[in-house]
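Visitor: Need coordinates for the below:
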Amino acid sequence: MTGEEFRQIVGMMEDGRVQNETEFRNLVSELKVIARATAEDKLKLVCGLRTLGRKVAVSGEGINDVEAIRGADVGFSLGSGVEISQQNSDVCLVNDDFEALLRSVMWGRNIYQNIARFLQFQVTVNFSCVLVNFIGILIMGNPPMTSAQLLYVNLVMDMFAVVALATEPPLKSVINGPPYGRDSTLMNKTVWRQIICMTLWNVMICTLVMTFGKLVGGLGTYSWNTLVTDNRTPELAEEARSKKKVQTYVFHTFMFLQLFNMINCRKLGSRDFNVFESFFHNWYFIFTMGLMFAMQYIIFDWFRGIFALSQLKKEENGAVIALGFTALLINPLVKLAPENWFSRLNVGNLANENEKAAENALMSKLNAAKDGKKKDDDGFIRDEGDDEEANNDGFKQI
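Guide: Numbers count the residues shown, from 1 in each chain. Have a look, this model is predicted:
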């Protein structure tokens with residue numbers, strides 16, 4: 001389509017909107033190239049697309065492109081262009097490399113997704129850890145995890161998880177996804193669905209271990225107020241040994257549930273069932289996962305005393321790892337859960353920080369105006385008469 005045909009169909013601009021919005025809506029779905037387009041045509045295209053709720057990126061280099069660059073969601077200027085277009089753009093392509101534009105979009109979306117991956121895992125571990133210990137107090141009389149074990153959980157949740165999940169490089173397919181709007185939130189309903197469902201699964205598995213662990217392990221009974229360090233009599237020592245081993249089951253199972261759930265957190269899509277897609281794409285993730293599995297073996301073999309753990313047999317270790325592996329098996333069912341169940345909870349409607357900042361700035365200006373004061377360019381409030389009393393150096397005369 002030529003620019004002249006485009007102008008005839010769309011019409012003129014009226015208050016930042018195209019005149020014939022219905023024709024524009026029908027046209028834009030098939031529009032690919034506008035030949036001999038003017039700067040006004042580019043501005044009409046930008047305003048029309050934004051009116052339809054689209055996210056628009058514009059590149060330009062001349063003075064005529066400034067309005068279109070300024071009106072777009074993201075403005076790109078060329079390094080060989082005029083300075084005013086560079087000043088009004090969000091990103092400047094220094095080497096005029098349009099492939100860099102695609103790379104910037106890919107990495108921008110990838111950073112957004114990496115943060116969401118980490119938050120999805122971290123919040124799940126937080127919720128699960130709190131609920132498991134609270135339920136453990138009700139069932140066993142004391143928290144199933146010691147302070148040293150909780151510190152180790154915190155180490156896995158923070159340091160190892162951020163290395164594994166926040167370093168994921170972008171896949172080429174990320175460019176095909178929809179853009180993220182300014183009002184988009186990291187903790188959307190898809191992320192919350194994964195957090196809530198996996199938290200419930202973690203709590204359910206650990207509760208079953210606390211309830212039936214002594215039966216499966218062939219251990220003796222213990223009372224609600226039994227202390228794991230109580231060895232005053234042979235009977236109390238046997239009860240303490242049984243309770244300590246059940247707590248070991250709980251900690252070991254909890255850790256493997258989180259390790260396998262970390263693999264689930266690689267995928268954020270509502271229907272991304274294949275969590276092993278491009279599994280070796282990020283060697284930081286592979287190294288961190290291997291290190292975490294090795295540390296589980298090391299603390300059980302060499303540091304049982306520090307973490308207050310009992311020695312487990314090979315069969316018991318295998319059973320615990322199998323329980324942790326269920327986090328991978330349940331993930332496809334989680335992906336099939338309707339997202340509407342979680343949108344009704346309004347868990348994804350977090351406050352927009354930009355709107356908050358704008359509202360605070362507006363209220364500050366209004367309050368200053370009521371007091372007969374105004375803000376200067378540096379953000380300092382001063383009386384309106386200060387301008388007349390200030391000297392040429394900007395200092396108020398006294």
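Visitor: In the stretch 101-250 of the chain, where is pLDDT below threshold?
Guide: Across the stretch 101-250 of the chain, the ranges flagged by pLDDT under 70 are 182, 217-233, 235-237.
Visitor: Please, where are all the helices along it?
Guide: Defined through DSSP state H, counting those that start in this stretch, the helices belonging to the stretch 101-250 of the chain, from first to last, are 147-155, 161-165, 189-216, 234-264.
Visitor: Same list, these, but as CSV with mean neighbour count and distance to residue 106 please.
Guide: Placement of C-beta: from N, CA and C, glycine included. Below are those laid out as CSV (neighbours: other C-beta atoms under 10 Å; distance: least, C-beta to C-beta, whole Å):
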stretch, mean neighbour count, distance to residue 106
helix 147-155, 15, 32
helix 161-165, 21, 18
helix 189-216, 20, 21
helix 234-264, 21, 23
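Visitor: Put together TSV for the ones you listed, with distance to residue 124 on each row.
Guide: Output for the helices of the stretch 101-250 of the chain, formatted as TSV (distance: least, C-beta to C-beta, whole Å):
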stretch	distance to residue 124
helix 147-155	12
helix 161-165	10
helix 189-216	5
helix 234-264	6
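Visitor: among those helices, which is nearest residue 92?
Guide: With respect to residue 92, and counting by C-beta to C-beta, the nearest of these is helix 161-165 at 30.4 Å.
Visitor: can you list contacts of the closest one?
Guide: Residues outside helix 161-165 that contact it (C-beta atoms under 8 Å, 6 or more residues apart in numbering): 114, 117-118, 121-122, 125, 262, 265-266, 282, 284-285, 288-289.
Visitor: Let's have the residues you listed in CSV, adding distance to residue 6.
Guide: Written out in CSV, the entries for these read as follows (distance: C-beta to C-beta, whole Å):
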residue, distance to residue 6
114, 40
117, 42
118, 45
121, 48
122, 49
125, 54
262, 51
265, 46
266, 44
282, 44
284, 48
285, 48
288, 52
289, 53
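Visitor: Out of those, which is nearest to residue 16?
Guide: Distances from residue 16 to these, taken as C-beta to C-beta, are shortest for residue 114 (35.5 Å).
Visitor: which residues sit in contact with the closest one?
Guide: Contacts of residue 114 were listed using C-beta under 8 Å, 6+ apart, and they are 165-168.
Visitor: Repeat that for residue 175.
Guide: The contact partners of residue 175, taken as C-beta under 8 Å, 6+ apart, are 102, 105-106, 109.
Visitor: what residues go with each domain of this structure?
Guide: When the chain is parsed into structural domains using automatic domain parsing, the resulting residue ranges are 3-100, 111-343.
Visitor: residue contacts, the spatially most central residue of the chain?
Guide: Centroid check for the chain by C-alpha atoms, centre = their mean gives residue 116 as the closest residue, at 1.6 Å. By C-beta under 8 Å, 6+ apart, the contact list for residue 116 reads 186-188, 191, 268.
Visitor: Against residue 26, how distant is residue 18?
Guide: Applying C-beta to C-beta, to the nearest Å, one obtains 12 Å for the distance of residue 18 from residue 26.
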